[in-house]
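Colleague: Fold the following, please.
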Amino acid sequence: MRLIHLALLFGLLLCPLAGKAVVCTVSGVQNISFGNVNPLATSDTNTSMTFNYSCTKELADVLAGVTICFNIGASAVSGQVIPRRMSFAGPPAGTLDYQLYQNPAYTTVWGSQYQSGTTVPAIQLNLLNLTPVTGSVTVYAKVPARQTSAIPGNHQDTYTAATASMTMNVGLLAPPTNCGTMQGPTFPFTVTAAVTKFCNVTTASNINLGSVPATQTNINASNSIGVACTSNTPYTIGLAPSNNSSTGSGVMKSSTGNASNSDRVPYQLRTAAGTSGAPWGNTTGTNTVAGTGNGQAATYTVWATVPSANYTPDTYADTVTINVTY
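Modeller: Numbering: from 1, shown residues only. The predicted structure follows:
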């Protein structure tokens, strides 16, 4: 009889410990969208996503606290936490680097307790009664600037229940100081970005025909322009003098403010030197220059020819607009 009595007492003492239980839920999880991303931009593209949590201890539970950890593991595209990448199926296929952070300064990468060398947000909650303890966490996301090799298109990465989950560690007197292995709710989400087509005129230098005698003919000079377009982006470059000529045939007028000089000096923009060079105008497919972007600046030489300098001695100039169509 004595042995039976001790066994029953031992079993009763164990019951409160076995009853340690806490229920946590996650709500408000959304996909992380960067929207339109210009890979040639000089500034980063940032966004964020905030979701909520709620934790409650069960009736008759004696535990006093819980530490919850939010794990975001490896990118499905890169297979790593650093770096994380989105992918574009193409054609041609491509990737876009991005990263998830724990802080708005974008200095602490959001990792997983299952990924060596990374850290996770750990939140300690005191569960003194049956009232739910609630809060929120924010995931800060950044696409670094100047990813010039990125292919325009819709990029995506995916986090499943296996790579985005909460773990819990319960304590009798206070929240533990480390993450536990008790599985809590999951919060799967996707990361998306639309890499846009973009072109930029990077350099544009004046064409100086110099000082010439009035008797000189077939004067020509050149300079260069630089154009950068996103990878795999076809584009054309058109040149439009101030008279809106579609064939690149412009006129220069006095730039010294000489009101008595009404002379207009004609000139022709060309793709090569001399009068045999093809005219460079502003009609796409007819007299423009075409290229395909690779994210880097491409340099083009622009020539100007003047048939004759037999005009009132003065300084003449005109403004040409560079039109890049893509």
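
Colleague: State the phi and psi torsions of the residue lying closest to Ile225 once chain neighbours are set aside.
Modeller: The spatially closest residue to Ile225, leaving aside those adjacent along the chain, is Ala204, at 4.9 Å (CB to CB, 6 or more residues apart in numbering). For every residue, glycine as well, the C-beta is placed using N, CA and C. Phi and psi for Ala204, reported as degrees, to the nearest 10, are phi -150, psi 110.

Colleague: Tell me how this protein divides into domains.
Modeller: Per automatic domain parsing, the structural domains of the chain span 21-195, 199-325.

Colleague: okay, those domains in CSV with mean pLDDT and mean neighbour count next?
Modeller: Listed next are the domains of the chain as CSV, based on pLDDT from 0 to 100; neighbours: other CB atoms under 10 Å:
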stretch, mean pLDDT, mean neighbour count
domain 21-195, 95, 17
domain 199-325, 97, 16
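
Colleague: Contacts only, for Cys24.
Modeller: Contacts for Cys24 (CB atoms under 8 Å, 6 or more residues apart in numbering) come out as 53-56, 66, 68, 166, 168, 184-185.

Colleague: Can you tell me how far it is from Gln115?
Modeller: In this view, Cys24 and Gln115 are 22 Å apart by CB to CB, to the nearest Å.

Colleague: Quick check: Val191 is in a strand.
Modeller: Yes: judged by DSSP: H, G, I helix; E, B strand; the rest coil, Val191 forms part of a strand.

Colleague: Run through the residues that contact it.
Modeller: Val191 is in contact with 31-34, 84, 86, 98, 100, 141, 156-159, counting by CB under 8 Å, 6+ apart.

Colleague: got it, and Thr288?
Modeller: Per CB under 8 Å, 6+ apart, neighbours of Thr288: 236-238, 280-282, 325.

Colleague: can you check Ala240 too?
Modeller: Neighbours of Ala240 in contact, by CB under 8 Å, 6+ apart: 246, 248, 281-282, 320-321, 323.

Colleague: how does it look with 7 Å?
Modeller: 282, 320-321, 323 (CB atoms under 7 Å, 6 or more residues apart in numbering).

Colleague: repeat for Asn126
Modeller: Asn126 sits in contact with 64-65, 175, where contact means CB under 7 Å, 6+ apart.

Colleague: follow-up on the earlier one: mind putting the contacts of Cys24 in JSON lines, secondary structure and distance to Ser231 included?
Modeller: Below are the contacts of Cys24 laid out as JSON lines (DSSP: H, G, I helix; E, B strand; the rest coil; distance: CB to CB, whole Å):
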{"residue": "Tyr53", "secondary structure": "strand", "distance to Ser231": "41"}
{"residue": "Ser54", "secondary structure": "strand", "distance to Ser231": "45"}
{"residue": "Cys55", "secondary structure": "strand", "distance to Ser231": "47"}
{"residue": "Thr56", "secondary structure": "strand", "distance to Ser231": "51"}
{"residue": "Val66", "secondary structure": "strand", "distance to Ser231": "49"}
{"residue": "Ile68", "secondary structure": "strand", "distance to Ser231": "42"}
{"residue": "Met166", "secondary structure": "strand", "distance to Ser231": "39"}
{"residue": "Met168", "secondary structure": "strand", "distance to Ser231": "45"}
{"residue": "Gly184", "secondary structure": "strand", "distance to Ser231": "42"}
{"residue": "Pro185", "secondary structure": "strand", "distance to Ser231": "40"}
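
Colleague: could these go into TSV alongside distance to Tyr311?
Modeller: Formatted as TSV, these follow (distance: CB to CB, whole Å):
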residue	distance to Tyr311
Tyr53	79
Ser54	83
Cys55	85
Thr56	89
Val66	88
Ile68	82
Met166	80
Met168	86
Gly184	84
Pro185	81
